[in-house]
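>>> Pasted the sequence and its predicted model underneath.
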Amino acid sequence: MKHFLQFSDLSLEEYDYLFKRIALIKHKFKSYEKHQPLVDRTLAMIFEKASTRTRVSFEAGMYQLGGSVVHLTTADTQLGRAEPIEDSARVISRMVDLVMIRTYGQDKINSFAAHSRVPVINGLTNEFHPCQILADIFTFIEHVGDPTNPLQCLKGKIVAWVGDGNNMANTWLQAAKLLGFKVHISTPRGYEVDHNVTQLGSSDCYKVFDHPKAACQGADLVTTDVWTSMGFESENNARRVAFNDWCVDQEMMSVANPNALFMHCLPAHRGEEVQAEVIDGPQSVVWDEAENRLHSQKALMEYLLLGTL
Ligand code: CP
Ligand code: NVA
């Protein structure tokens, strides 16, 4: 049994398979062709934080695969009344085939997985957002690469990360290490990536820049995220000051590779971490990126439950 708790949980060979499978599943979806390998399977989705994309993509995705879903939140379950996570895992995993969790600390999802009889998927924690990076990299491959050899186009590419050293940044770094690209990362002082979390083992896959524009120089993809992630709202005022210069604008895009893409996991705050001219401009692929959450998670759920087909 496999879990998907962080990007490093799967191997290069598994990602090669998954990216090919995502392309096939997307093609079938676009052709109105049924693809229902998960008939009679049930996914439990546990949300301890808000969501639009993750909720819709997992729920619609599981129904499209022929299965069904149970939607749970902290407020309407015993999770909100201090039932231990280990007990919740033991119970929920006896009743469903697969669990997706969005929560705070990675320790919580790790504990759930350790006591679960079924695969567990990380739908975002404070530390990681692996489903988003799966979709983001598929989107890059779709725009730049060859779907029959998906990993090829990633080798040696530069991804510029402008902003917080958060769950998205950590996950980009894990992906870079595994898939052979490099992250040029610029965060305000005090908001750097914590390498106790990323567990990279070396610094070969990233380079740190003081100035965000310098990080964008020659990049093949420029990406950013909100200044304040869910769970950090009490830091909002301090972050507004610290992140003021970490706003992706046309000037930053102009020093990137001329064909560079712009991505943002969404939700976005125009005028804060990105200017409207960029997110709504010709290099932005944010709507493909959001849609690809659906196709990539369908491939992921199919793989975790059925293996390679
Ligand atoms: N990008 C993302 O995970 O969006 P939601 O918070 O809407 O799920
Ligand atoms: N870093 C953001 C991503 C939201 C999808 C957060 O954790 O709130």
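On my side now, so go ahead. Residues are numbered from 1 along each chain as shown. Ligands and ions are numbered 1, 2, ... in the order given.

>>> what's near enough to touch the residue nearest the centre of the chain?
Against the mean C-alpha coordinate of the chain, by Cα atoms, centre = their mean, the closest residue is residue 132 at 1.9 Å. Residue 132 sits next to 124, 168, 171, 265, 293 when contact means Cβ atoms under 8 Å, 6 or more residues apart in numbering. Using the backbone N, CA and C atoms, a C-beta is placed for each residue, glycine as well.

>>> Report the secondary structure state of it.
Of the three states, residue 132 takes helix under DSSP: H, G, I helix; E, B strand; the rest coil.

>>> related to what we said a few turns ago, the contacts of residue 132 in strands, which ones?
Among the contacts of residue 132, no member falls in strands (DSSP state E).

>>> Name only those of the residues you listed that count as buried.
124, 168, 171, 265, 293 (16 or more other Cβ atoms under 10 Å).

>>> which one of those sits closest to residue 230?
Distances from residue 230 to the buried ones among the contacts of residue 132, taken as Cβ to Cβ, are shortest for residue 124 (7.9 Å).

>>> What distance do you get for the closest residue in space to the closest one that isn't next to it in sequence to residue 236?
Nearest residue to residue 124 in three dimensions, chain neighbours excluded: residue 102, at 4.7 Å (Cβ to Cβ, 6 or more residues apart in numbering). For residue 102, the distance to residue 236 (Cβ to Cβ, to the nearest Å) stands at 20 Å.

>>> What segments of the stretch 51-200 of the chain are helices?
Assigned by DSSP state H, counting those that start in this stretch, the helices in the stretch 51-200 of the chain fall at 53-64, 85-95, 106-114, 130-144, 167-179, 195-198.

>>> Can you name every helix or strand that the last one contacts?
Here helix 195-198 touches helix 167-179, going by 3 or more Cβ pairs under 8 Å, 6 or more residues apart in numbering; DSSP states H and E.

>>> The helix it packs on near ligand 2 anywhere?
Yes: interface with ligand 2: helix 167-179 contributes 167, 168 (Cβ under 6 Å from any ligand atom).

>>> could you give the mean pLDDT of that helix?
The average pLDDT within helix 167-179 is 98.

>>> nearest to residue 13, of the helices of the stretch 51-200 of the chain?
Nearest to residue 13, of all the helices of the stretch 51-200 of the chain, is helix 167-179, at 10.8 Å by Cβ to Cβ.

>>> Now do the longest helix seen in the chain: which elements does it pack against?
If you go by DSSP state H, the chain has its longest helix at helix 286-306. Here helix 286-306 touches helix 12-30, helix 53-64, strand 98-102, strand 120-122, helix 130-144, strand 261-264, going by 3+ Cβ pairs under 8 Å, 6+ apart.
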